[in-house]
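Undergrad: when you get a sec, could you give me coordinates for this:
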Amino acid sequence: MPVLQRASRVLNAVIEKLLMVTGAAICVILFAQVVFRYLGASLGWSEEVSRHLLVAITFLGGTVAYKRASFIGLQGIGNRFGPRFQRGVVLLLQWLTLACFALLAWFGAAYTIKAGEHTSAALQIPMSIPYAVIPLSALVFIVHVLADMTGPRPAQQP
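TA: Numbers count the residues shown, from 1 in each chain. Sure, this is the predicted structure:
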């Protein structure tokens, strides 16, 4: 198996496990917040942590959805014109997707660096920590797209 396909699979497996742990952490934190609030003591940091974790789930979950091909597809655009045209359309869409995620990685990294000057309200951590998920997820997307572009072609139907 080529290196990019292997890296894509390993990244996806790690992120899937991370998403499960993150989702469970959000549930535990919010449940604890409800219990503590009922007892008269609020956890001031719980809402902020949950919000940052939910944003991380959104970005990283998008990479898993891409890898599983769970997004709405554009299949059928090239069906009328034959398999060569359809492959050209897929390749064009992959290049556009790659450019989009490269821009997201570039501007996400710049924004993450800039956000290091600010701290979060409750945790007092640099905002670059929660914002780092943007360029990181974009890089994972790039690995997945490159793995798709360089991977084996699907079998042509006669």
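
Undergrad: what distance do you get for P2 to T150?
TA: 7 Å (CB to CB, to the nearest Å). Where C-beta positions appear, they are placed from N, C-alpha and C, glycine not excepted.

Undergrad: what packs against the longest helix seen in the chain?
TA: Longest helix in the chain by number of residues (criterion: DSSP state H): helix 3-38. If you count contacts as 3 or more CB pairs under 8 Å, 6 or more residues apart in numbering; DSSP states H and E, helix 3-38 packs onto helix 46-67, helix 133-150.

Undergrad: flag every buried residue along the lowest-mean-pLDDT helix or strand in the chain.
TA: Ranked by mean pLDDT, DSSP states H and E, the helix or strand of the chain with the weakest confidence is helix 83-115, at a mean of 93. By neighbour count on 16 or more other CB atoms under 10 Å, the buried set for helix 83-115 is 86, 89-90, 97-98, 101, 104-105, 108-109, 112, 115.

Undergrad: mind checking pLDDT for G151?
TA: According to the prediction, G151 has pLDDT 79.

Undergrad: I'd say it and P2 touch.
TA: Yes: here G151 lies in contact with P2, judged by CB atoms under 8 Å, at a distance of 7.2 Å.

Undergrad: from Y131, how far off is E48?
TA: 14 Å.

Undergrad: residues in contact with the helix or strand that comes right after the least confident helix or strand of the chain?
TA: Later in the chain than helix 83-115, the nearest helix or strand by DSSP states H and E is helix 128-131. The contact list for helix 128-131, computed with CB atoms under 8 Å, 6 or more residues apart in numbering, reads 52, 55-56, 108, 111-113, 115-116, 120.

Undergrad: ok, back up a step: check which residues of the longest helix of the chain are buried.
TA: Going by 16+ other CB under 10 Å, helix 3-38 has these buried residues: 4-5, 7-8, 11-12, 15, 19, 22, 26, 29, 33.

Undergrad: what residues are up against the residue nearest the centre of the chain?
TA: Centroid-nearest residue in the chain: L60, 2.8 Å away (criterion: CA atoms, centre = their mean). Counting by CB under 8 Å, 6+ apart, L60 touches 15, 18-19, 22, 133, 137, 140.
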